[in-house]
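Participant: this is a predicted model, with the sequence first.
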Amino acid sequence: MSPKNMSEDTASEDKASRTDVRGVDIAKEKKKQAAQLKRVRRLRRCNVRMMILSVVILMALCVMLIARVRTLDGTVARLTAQVDSLMRLTAQQREMMEKMTEETQSAMGDKAVVGSLEKEAEGDEGTESGEPEEEEPDAAHKVYLTFDDGPSVNTEKILEILEKYDVKATFFVVGTACENNEEALKKIVEAGHTLGMHSCTHKYSELYGSVESFGEDLKRQQDYLYEVTGVKSNVFRFPGGSSNKVSDIDMKEFAQYLDSQDVRFFDWNISSGDGGSYLFPTETIIENCTSNISKYSTSVVLMHDSAGKSTTLEALPTIIEKIQAMEDTVILPITGGTKPVQHIQWQDGE
């Protein structure tokens, strides 16, 4: 074979080889493109499914939310109805309590005896007395503000209010309340107020168990107050009042025992109504303490000096202002010359 022919054959073979290579490359490229297209389609199907699933989940959540909202609407409506019902019930209870307070106060005023103690003007001769020996001024209406169950965290604030209005009052203190408030006892005496006794523990079962236990309680408190303040208290208020229904022993026996010890007891004929657990509104306390004063020549006003009586503390300035504005009316502490207000007639022959 001539060199020329050999060259032509080689060139043909090279050309065919290159054509085969290009064909293979094209086939590979098409295969690659087909695979990519398949992946793209698969991803699209997955995305569509995810979108459909998301829409379904969102719709389900919306349905659940709507159902929950409707349930809450029903709950809110029920709660609103219950609140309205409770408010009406509270208003009714308050109205009933105010009515009961008014009736009790009226009953006490009718029942109370003023000046039933024959030795009302005597008192102790010595200087050591819980009742300041002052001659009381003449007035058509004498008002005695009294505070039971103290001293407490409110005592100092009460004393500040009384000082501001230049008013003297009477504090019937409880022994257990005095233990951590001895400074308050001293301030009561130093400010010229009357220091009275209201038992050591205020526990009816112990106090009224017998005349002997009553006497022991009285002496223990009287001695304690004298030790702390240098004042011998000679005025007493029965826990629950002398007309209480708790004691199984006739309260006359306790009253007669007090008389044998030269101790006078004082009840009340006007009540603030703050003695229970219900916290009366300030306006009610003011009304209770001032509305009936004009009915009596002697008004002994019952209030309480204990930590929970915030509305009594709030009402006190207005109570004083209203009483001081009344014609021919004075506010006084209980003294040796004060006519006692007592719920029971306890002397023999009465």
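Facilitator: Received the coordinates, thanks.
Participant: from now on I want contacts and neighbour counts done on CA atoms only, so please keep to that.
Facilitator: Noted.
Participant: can you tell me the closest non-neighbouring residue to Pro333?
Facilitator: In space, and not counting its chain neighbours, Pro333 is closest to Ala169: 4.5 Å by C-alpha to C-alpha, 6 or more residues apart in numbering.
Participant: any stretches of the stretch 251-350 of the chain with poor pLDDT?
Facilitator: Along the stretch 251-350 of the chain, segments meeting pLDDT under 70 span 349-350.
Participant: could you pull out the strands for it?
Facilitator: Listed in chain order, the strands of the stretch 251-350 of the chain (DSSP state E, counting those that start in this stretch) span 264-265, 270-271, 298-304, 329-331, 341-342.
Participant: most packed of those strands?
Facilitator: Stretch with highest mean neighbour count among the strands of the stretch 251-350 of the chain: strand 270-271 (a mean of 28; mean count of other C-alpha atoms under 10 Å).
Participant: before we move on, the earlier item: residues in contact with the residue nearest to Pro333?
Facilitator: With C-alpha atoms under 8 Å, 6 or more residues apart in numbering as the criterion, the residues that contact Ala169 are Tyr144, Leu145, Thr146, Phe147, Leu162, His193, Thr194, Ile331, Leu332, Pro333, Ile334.
Participant: the first one - how many residues pack around it?
Facilitator: Spelled out, it's Tyr144. Residues lying near Tyr144 (other C-alpha atoms under 10 Å) number 23.
Participant: partners of the longest strand belonging to the chain in the sheet?
Facilitator: Counting by DSSP state E, the longest strand found in the chain is strand 141-150. Sheet pairing here is set by DSSP bridges, and for strand 141-150 it gives strand 170-173 (parallel), strand 298-304 (parallel), strand 329-331 (parallel).
Participant: turn these into JSON lines, columns for distance to Ala81.
Facilitator: As requested, those are exported to JSON lines (distance: least, C-alpha to C-alpha, whole Å):
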{"stretch": "strand 170-173", "distance to Ala81": "45"}
{"stretch": "strand 298-304", "distance to Ala81": "37"}
{"stretch": "strand 329-331", "distance to Ala81": "48"}
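Participant: and Arg42, how many neighbours?
Facilitator: Residues lying near Arg42 (other C-alpha under 10 Å) number 12.
Participant: Arg88 now?
Facilitator: Arg88: 12 neighbours (other C-alpha under 10 Å).
Participant: what about it, which helix or strand?
Facilitator: Secondary-structure assignment from DSSP states H and E places Arg88 in helix 3-111.
Participant: ok, residues contacting the helix or strand encompassing Leu195?
Facilitator: Taking DSSP H and E as the definition, one finds Leu195 inside strand 194-197. Around strand 194-197, the neighbours that count as contacts under C-alpha under 8 Å, 6+ apart are 130-132, 168-174, 185, 188-189, 218, 221-222, 233-237, 333-335.
Participant: starting at the chain centroid, how far to it?
Facilitator: Chain-centre distance of strand 194-197: 27 Å, with C-alpha atoms, centre = their mean, to the nearest Å.
Participant: buried stuff in that strand?
Facilitator: Within strand 194-197, the residues that count as buried by 16 or more other C-alpha atoms under 10 Å are Thr194, Leu195, Gly196, Met197.
Participant: quick revisit: where's the residue nearest to Pro333 relative to Gln345, distance?
Facilitator: Relative to Gln345, Ala169 is positioned 25 Å away (C-alpha to C-alpha, to the nearest Å).
Participant: one more: Arg78?
Facilitator: From Arg78 across to Gln345, the span is 55 Å (C-alpha to C-alpha).
Participant: higher neighbour count, those two?
Facilitator: When Arg78 and Gln345 are compared for neighbours, Gln345 comes out ahead with 18 against 12, by other C-alpha under 10 Å.
Participant: so where's the stretch 101-250 of the chain uncertain?
Facilitator: Within the stretch 101-250 of the chain, the stretches with pLDDT under 70 are 101-113, 115-134.
Participant: number of nearby residues for Val114?
Facilitator: Neighbourhood size, Val114 [other C-alpha under 10 Å]: 22.
Participant: next one: Lys245
Facilitator: Lys245: 11 surrounding residues under other C-alpha under 10 Å.
Participant: and it, helix, strand or coil?
Facilitator: What DSSP: H, G, I helix; E, B strand; the rest coil gives for Lys245 is coil.
Participant: contacts only, for it.
Facilitator: Contacts of Lys245 (C-alpha under 8 Å, 6+ apart): none.
Participant: let the chain start at 44 from now.
Facilitator: Sure, I'll start numbering at 44, so the last one becomes Lys288.
Participant: distance of it from Phe281?
Facilitator: In this view, Lys288 and Phe281 are 12 Å apart by C-alpha to C-alpha.
Participant: residue ranges of the helices in the stretch 294-393 of the chain, please?
Facilitator: For the stretch 294-393 of the chain, helices defined by DSSP state H, counting those that start in this stretch occupy the ranges 294-303, 325-333, 353-367.
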